[in-house]
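Chemist: Here you go, sequence then predicted model.
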Amino acid sequence: MEERIRARGLTPGYEGRAVSGPVDFVLRRGDWLAVLGENGAGKTTLLRTVLGLLPPVAGCLETPGLVPGQLGWLPQQTAVQRDMPASVWEVALSGRQGRRGWRPFYGREDRAAAARALEQVGMAGFARRRFRELSGGQRQRVLLARALCAGDQLLLLDEPVTGLDSQAAAGMYRLLAELNRQGTAIFMISHDLAGARQYASHVLYLGAQTSFFGTRAEYENWKGENAWA
């Protein structure tokens, strides 16, 4: 199975200062990795390291065949994002910026990718609507379409259902599960243990004293032996 991420002794941190111990994990095509752990354990720093926004303090990080500017990243929603005056179409199309290079305009391939992504997330009929007019769940679907436009081999998700009601969260998980079944690898930071246990194939747990990587079933066994996790 094709590898999307491989980490060996990877130590994330800022300005040479580690925020967690070294971790080893691999994410392959069709895997869904849930990154769990305590607040302040380094989950977001690890995500920023995978995105190429921060250099690792130590260790090795490989993303075979993937370009940093072409990773599908779905960050947490912010007030600025919610108030964007752009249309749904413009938001989705902006995911192609990393692929546009020096071209001043989006090309036919870019527009086709945006149309395809909006169709995938069930938002094609909203293309002309203003982003800020949408519900929280609809906005998150459009932002997912933008991430797919950037790159659909690997999705990096930071708390993808935070702030969504139960119905919108369930819809987002079903959508991600379908993308995952089609081969998209998913790297998801989450505090939603129920969602992670239902959908993730693998778990990476970051703790103050230890870390764990393995399949979901292996994590459940490990957690049973480490009640504090």
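Modeler: Now that the structure is in, tell me what you want to look at.

Chemist: switch to C-alpha atoms for all contacts and neighbour counts from now on
Modeler: Noted.

Chemist: Where does pLDDT dip in this protein?
Modeler: 68-69, 79-81, 100-102, 227-229 (pLDDT under 70).

Chemist: any chance you could map the helices in this structure?
Modeler: Along the chain, counting by DSSP state H, helices occupy 43-50, 79-82, 88-93, 97-100, 108-120, 136-150, 166-181, 193-199, 216-225.

Chemist: looking at those, which is buried most?
Modeler: helix 136-150 (a mean of 26; mean count of other Cα atoms under 10 Å).

Chemist: For this structure, which strand extends over the most residues?
Modeler: The longest strand of the chain (DSSP state E) is strand 3-11.

Chemist: Now that strand: buried residues?
Modeler: Going by neighbour count (16 or more other Cα atoms under 10 Å), the buried part of strand 3-11 is Glu3, Arg4, Ile5, Arg6, Ala7, Leu10, Thr11.

Chemist: what two of those have the greatest distance between them?
Modeler: The most widely separated members of the buried residues of strand 3-11 are Glu3 and Thr11, with 19.9 Å between them, by Cα to Cα.

Chemist: What lies in contact with stretch 18-28?
Modeler: By Cα atoms under 8 Å, 6 or more residues apart in numbering, the list of residues contacting stretch 18-28 from outside reads 1-13, 33, 40-42, 45, 57-59, 185, 187, 204, 206-208, 210-211, 213.

Chemist: Please report how far the most far-flung residue of the chain relative to its centre lies from Leu156.
Modeler: The C-alpha centroid of the chain is most remote from Glu225, which lies 29.0 Å away (Cα atoms, centre = their mean). To Leu156, Glu225 is 29 Å away according to Cα to Cα, to the nearest Å.

Chemist: One more: Ala185?
Modeler: Distance, Ala185 to Leu156, using Cα to Cα: 9 Å.

Chemist: Neighbour count for these two, which is higher?
Modeler: More crowded of Ala185 and Leu156, by other Cα atoms under 10 Å: Ala185, with 26 against 22.

Chemist: Mind listing the residues bridging to that one?
Modeler: Leu154 (DSSP bridges).

Chemist: Next, the contact list for it, please.
Modeler: Arg4, Leu27, Arg28, Arg29, Gly30, Asp31, Trp32, Gln153, Leu154, Leu155.

Chemist: again, 10 Å this time
Modeler: Neighbouring residues of Ala185 by Cα atoms under 10 Å, 6 or more residues apart in numbering: 2-5, 27-33, 152-156, 176, 179.

Chemist: and Gln182, how many neighbours?
Modeler: A count of nearby residues for Gln182, using other Cα under 10 Å, gives 12.
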